[in-house]
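Peer 1: For reference, the sequence and a predicted model appear below.
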2 protein chains.
Amino acid sequence: MTDTLREPTFLILTALAARPQHGYGILRDVEEISSGRVRLRAGTLYTALDRMSSDGWVAIDREEVVDGRLRRYYRLTDLGAARLATEVERMRANTRAAEQRLRARPIGGTA
Amino acid sequence: MTDTLREPTFLILTALAARPQHGYGILRDVEEISSGRVRLRAGTLYTALDRMSSDGWVAIDREEVVDGRLRRYYRLTDLGAARLATEVERMRANTRAAEQRLRARPIGGTA
DNA sequence: GCATATATGTCGATCATCGGTATATACCGT
DNA sequence: ACGGTATATACCGATGATCGACATATATGC
């Protein structure tokens, strides 16, 4: 519970915070959340979902078959939501500290 | 320039944003910045300083000898400050997105 | 016939960080 | 005299999340 989340993990949890979604939907959502900056690799996504499932952060919500293709929907658990909230607090504290110090820094001349 | 910073790297840059500091001073400062949460390993610190030196994010400011012990002071370069500022913006955007979605999420009943 | 979108998955490689260890000096309490 | 803690820098093997590439399958558009 103590360790920091990497960006892909963070964004997957964020995507699922909105609503249950299936893998490919998460892929699209993460891209939208990050304004196109982050494009998850399939390997990253499914490895992360497996890991977070066994950690109890996400759970399989339901499975559907659309056009002969499987859609496995995941949802955020309360534990996962709490983990995400903790991470948000940590990031807030860190950004606050960094901004404060960057503002105090003399501009230029230190190249 | 695109990849995300890990917390130790982020906090080392933040520590140096305030003023030039030597290794052990950074160790103490990072602990203070993070309210005692993050205690950098010596290996992490010096490996990171070497890496960031070759990336041009930090530079050796000066060297002193105090009580027969070497003190190597590092300072943040303009490039390093820019990199930190970029990272702060990224984290701000991510926390904003996560908070928005966590607030919209129905509380409880999804364990 | 070929590219693209949808959809899930495996596998080897990379790399920052962790945890432990090494090396020194100085100070404090017992 | 001895042990513990603080100061100070540095190396090294292990870990683990992510990357990049590949595999498989269906549907749609050109």
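Peer 2: That came through, no problem. Numbering: from 1, shown residues only, chains lettered A, B, ... in the order given.
Peer 1: Look through chain A and tell me its longest helix.
Peer 2: Across chain A, the longest stretch assigned as helix under DSSP state H is helix A:78-104.
Peer 1: Tell me which other helices or strands it touches.
Peer 2: helix A:7-18, helix B:7-18, helix B:78-104 (3 or more C-beta pairs under 8 Å, 6 or more residues apart in numbering or on different chains; DSSP states H and E). For glycine as for every other residue, the C-beta is placed from the backbone atoms N, C-alpha and C.
Peer 1: want to throw those helices into a markdown table with mean neighbour count?
Peer 2: Supplementary listing: these in a markdown table, determined by neighbours: other C-beta atoms under 10 Å in any protein chain shown:
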| stretch | mean neighbour count |
| --- | --- |
| helix A:7-18 | 23 |
| helix B:7-18 | 23 |
| helix B:78-104 | 18 |
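Peer 1: quick one, which of those is nearest to residue A:62?
Peer 2: helix A:7-18 (13.7 Å; C-beta to C-beta).
Peer 1: Give the pairing partners of whichever helix or strand comes after that closest one; include direction for each.
Peer 2: Per DSSP states H and E, helix A:7-18 leads on to strand A:21-22 as the next helix or strand towards the C-terminus. Sheet pairing for strand A:21-22, assigned by DSSP bridges, gives strand A:69-76 (antiparallel).
Peer 1: Tell me which residues of the strand it pairs with come out buried.
Peer 2: Neighbour counts using 16 or more other C-beta atoms under 10 Å in any protein chain shown place A:73, A:74, A:75, A:76 of strand A:69-76 among the buried residues.
Peer 1: With respect to DNA strand D, which of those residues is nearest?
Peer 2: residue A:74 (14.6 Å; C-beta to the nearest atom of the strand).
Peer 1: For the residue nearest to the closest one when sequence neighbours are not counted, give the beta-bridge partners.
Peer 2: Of all residues not flanking residue A:74 in the chain, residue A:58 sits nearest, at 4.8 Å (C-beta to C-beta, 6 or more residues apart in numbering or on different chains). Beta bridges link residue A:58 to residue A:76 when assigned by DSSP bridges.
Peer 1: same thing with residue A:64?
Peer 2: The partner residues for residue A:64, given DSSP bridges, come to residue A:71.
Peer 1: returning to that earlier point: tell me the angle of the longest helix of chain A relative to strand A:69-76?
Peer 2: When axes from the mean of the first three to the mean of the last three C-alpha atoms, to 10 degrees is applied, the directions of helix A:78-104 and strand A:69-76 differ by 70 degrees.
Peer 1: close to DNA strand C, is helix A:78-104?
Peer 2: No. Judged by C-beta under 7 Å from any atom of the strand, helix A:78-104 stays clear of DNA strand C, getting no closer than 12.3 Å.
Peer 1: Then stretch A:6-20?
Peer 2: No. On the criterion C-beta under 7 Å from any atom of the strand, stretch A:6-20 is out of touch with DNA strand C, staying 10.1 Å away.
Peer 1: can you tell me the average pLDDT over that stretch?
Peer 2: Across stretch A:6-20, the average pLDDT comes to 96.
Peer 1: Centre of the chain to it, how far?
Peer 2: Distance of stretch A:6-20 from its chain centroid, counting by C-alpha atoms, centre = their mean, to the nearest Å, is 3 Å.
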